[in-house]
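Visitor: Any chance you could fold what I've pasted below:
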Amino acid sequence: MASSHPVAELYVEHHSWLQGWLRRKLGCTHRAADLAHDTFLRLINREEPVAIQEPRAFLTTVAQRVLANHWRREYLEQAYLAALALQPEALAPSPEERQIILATLSEIDALLATLPDEVRRVFLRSQLDGRKQGEIAAELGISVTTVKRHLRRAGALCYFALDVA
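Guide: Below is the predicted model of the structure:
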């Protein structure tokens, strides 16, 4: 039977192996199944065609990226829940609001990950730590003008990402 999508053959031949590989990394069959699914979705959604000489090495590389994103989301969720636990219960968001907030934080995290380290550090010190531009400049050993430029760059990234969504 001829496959209609180039990833179909890869899926049929290597899905079980990939899921087992992820299960060993995660220690959880259900999460491994989800991330194997996400790995193949990433391949299906690629704009460039999938031409693979070493399928398992290729799948491992893609799955490692999916796994890294999973760990980032999990870390972000744990940090959010820890911060939430410090708030009075009366201010706690509903489960639906919590999911929206976590999804938004994940999107912002992914956006900020595209920035150079220094730009990201400046932005986070400003937005999360509430530091003034002069303090950030002194702390990082850069000029206030550079801090302003970095803040504009990160702010524009976040602003236009929201505008597109």
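Visitor: any idea how far residue 73 is from residue 28?
Guide: Plainly put, residue 28 is 15 Å away from residue 73 if you go by Cβ to Cβ, to the nearest Å. In this view, the C-beta of every residue, glycine as well, is placed from N, C-alpha and C.
Visitor: out of the two, which sits in the more crowded spot?
Guide: Legend: neighbour count by other Cβ atoms under 10 Å for residue 28 and residue 73, higher for residue 73 (16 against 12).
Visitor: Is that one in contact with residue 106, as I believe?
Guide: Yes. With contacts counted by Cβ atoms under 8 Å, residue 73 reaches residue 106, the gap being 5.4 Å.
Visitor: Phi first, then psi, for residue 124.
Guide: Here the main-chain torsion angles of residue 124 (degrees, to the nearest 10) amount to phi -70, psi -40.
Visitor: The nearest residue to it once chain neighbours are set aside: neighbour count?
Guide: Leaving aside its chain neighbours, residue 124 sits nearest to residue 112 (7.5 Å; criterion: Cβ to Cβ, 6 or more residues apart in numbering). Other residues within reach of residue 112 by the criterion other Cβ under 10 Å amount to 16.
Visitor: Pull the contacting residues for residue 112.
Guide: 120, 123, 124, 154, 157 (Cβ atoms under 8 Å, 6 or more residues apart in numbering).
Visitor: Give me the buried stretch members for the lengthiest helix in the chain, please.
Guide: In the chain, taking DSSP state H as the definition, the longest helix is helix 55-85. Of all the residues in helix 55-85, those buried under the rule 16 or more other Cβ atoms under 10 Å are 58, 59, 60, 62, 63, 66, 67, 69, 70, 73.
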